[in-house]
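S.K.: turn this into a structure:
(one chain, ligands or ions: 1)
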Amino acid sequence: MTDLESFAARLKTLSDGRASTPRVKDGVMTLALDVGGLSAGQRDAVAAAIREGGLTVPGVTDVRIAMTAERKAMRIIAVASGKGGVGKSTLSANLAVALKRMGFSVGLVDADIYGPSQARLMNSEDRKPEARDKRLIPLDSPLGIPMLSMAHLVDPGKALAWRGPMAGNALSQLIDAEWGSAEVLIVDMPPGTGDIQLSMVQKHKPAGAVIVSTPQDLALIDARRAVSLFEQTQVPLIGLVENMAGYSCPHCGGISDPFGAGGAEAAAAQLGMDFLGRIPLAIDIRVRSDAGDPPAAGEGAAGQAFHAVAQKVADWLRA
Ligand SMILES: Nc1ncnc2c1ncn2[C@@H]1O[C@H](COP(=O)(O)OP(=O)(O)OP(=O)(O)O)[C@@H](O)[C@H]1O
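M.R.: Numbers count the residues shown, from 1 in each chain. Below you'll find the model as predicted:
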């Protein structure tokens, strides 16, 4: 076996079968690398390993890699609620995880500029993204979902006192980052229906919106406001998710409905929207979210509820 042949055999492992057979001419090694489905970080790591390996082949002085990928246009899904604290971030994280498990190439943006929580939910705190050609490179979270949050850019616990345009610019930097081959970008929107939300929707034109609400009347009134923001901007509504529905007492097993029952499904029907499902109010969801371990990564009851919602979103994406 020649040195080049033995490198070609090693290349299979180095590139996970993504590289073509290398050719060498006048000391220059050339090969093609399929980077479809890889994040920018993964792509750079594979290319660096190939380059390093290629230069060990006697006579090779340069390694040129042509990266190829079947690029699909990335579709933004905005996850929104009229009011804060209803579980929009929890749903966004779990939706991203569940869609990835279904085979979608997913990215996640925490657009909640003033109260970012995705770094905690996805266990990627204390990390800083790099930038290339003035574009941010998303971080690879432990579950393999590239993501960006304001929490990665500012010191934890430091309050942001930004006016609308500054916050809007920061948000655009997160959305316009180097998302590589991500086909779906889940954007956890800031709560409310003000200027920041409107500018984001007008500028980045989400392919669809998922609205989250608790079954409570007040939350539903706010959810209607979010619906109207997307209707006014002609963003298709994928559907409504009812979060914190039906609490199962871990002691007696009885089910209670602290925020009422069935309100969100009725509201979805009134608004002519699809109802995407119900996520129970469960201690497990709160505990796992705080621990950076999204329930959708597992098989438990809470995970199943998120998977059922994600399945409807996947059907919408494929339709
Ligand atoms: N179904 C649920 N069961 C139990 N706890 C939940 C559930 N959904 C969310 N929580 C908890 O409620 C709190 C608020 O959730 P989350 O941060 O997702 O809401 P949010 O709408 O994104 O809030 P904000 O607008 O402030 O960012 C978190 O502590 C979260 O763990």
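
S.K.: show me what from the stretch 1-150 of the chain comes close to the ligand.
M.R.: Within the stretch 1-150 of the chain, the positions adjacent to the ligand are Ser81, Gly84, Gly85, Val86, Gly87, Lys88, Ser89, Thr90, Asp112, Gly115, Ser117 by Cβ under 6 Å from any ligand atom. Just so you know, the C-beta spots here come from the backbone N, C-alpha and C atoms, and that holds for glycine as well.

S.K.: pLDDT at the fourth one, what is it?
M.R.: Looking at Val86, its pLDDT is 90.

S.K.: for Leu240, see how far away it is.
M.R.: Applying Cβ to Cβ, to the nearest Å, the value for Val86 to Leu240 is 11 Å.

S.K.: do the second one as well
M.R.: According to Cβ to Cβ, Gly84 and Leu240 sit 17 Å apart.

S.K.: more neighbours: which of those two?
M.R.: Leu240 (26 against 14; other Cβ atoms under 10 Å).

S.K.: overlap in contacts, Val86 and Leu240.
M.R.: Common contact partners of Val86 and Leu240 (Cβ atoms under 8 Å, 6 or more residues apart in numbering): Val212, Ser213.

S.K.: which residues of the stretch 101-250 of the chain fall in helices?
M.R.: Ranges of helices in the stretch 101-250 of the chain, per DSSP state H, counting those that start in this stretch, are 118-121, 164-175, 195-204, 217-232.

S.K.: most tightly surrounded among these?
M.R.: helix 118-121 (a mean of 25; mean count of other Cβ atoms under 10 Å).

S.K.: what packs against the helix or strand harbouring Ala96?
M.R.: Remark: Ala96 resides in helix 88-101, with elements defined by DSSP states H and E. If you count contacts as 3 or more Cβ pairs under 8 Å, 6 or more residues apart in numbering; DSSP states H and E, helix 88-101 packs onto strand 75-80, strand 106-110, helix 118-121, strand 184-188, strand 208-213, strand 237-248, helix 283-290, helix 301-318.

S.K.: out of the residues of the stretch 1-150 of the chain next to the ligand, which end up buried?
M.R.: Ser81, Val86, Gly87, Lys88, Ser89, Thr90, Asp112, Ser117 (16 or more other Cβ atoms under 10 Å).

S.K.: tell me the mean pLDDT over stretch 131-138?
M.R.: 87.

S.K.: correction: the previous question concerned stretch 13-24.
M.R.: Per-residue scores along stretch 13-24 average to 88.

S.K.: with stretch 61-73 instead?
M.R.: Here the average pLDDT along stretch 61-73 is 81.

S.K.: re earlier: tabulate the buried ones among the residues of the stretch 1-150 of the chain next to the ligand (JSON lines), appending distance to Gly194.
M.R.: Putting those into JSON lines (distance: Cβ to Cβ, whole Å) gives the following:
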{"residue": "Ser81", "distance to Gly194": "13"}
{"residue": "Val86", "distance to Gly194": "17"}
{"residue": "Gly87", "distance to Gly194": "20"}
{"residue": "Lys88", "distance to Gly194": "15"}
{"residue": "Ser89", "distance to Gly194": "18"}
{"residue": "Thr90", "distance to Gly194": "22"}
{"residue": "Asp112", "distance to Gly194": "13"}
{"residue": "Ser117", "distance to Gly194": "19"}
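
S.K.: OK, now which residue of the stretch 101-250 of the chain is nearest to the ligand?
M.R.: Residue of the stretch 101-250 of the chain nearest the ligand, by Cβ to the nearest ligand atom: Pro191 (3.7 Å).

S.K.: that residue against Gly84, yeah?
M.R.: Yes. Counting by Cβ atoms under 8 Å, Pro191 touches Gly84, with 3.7 Å between them.
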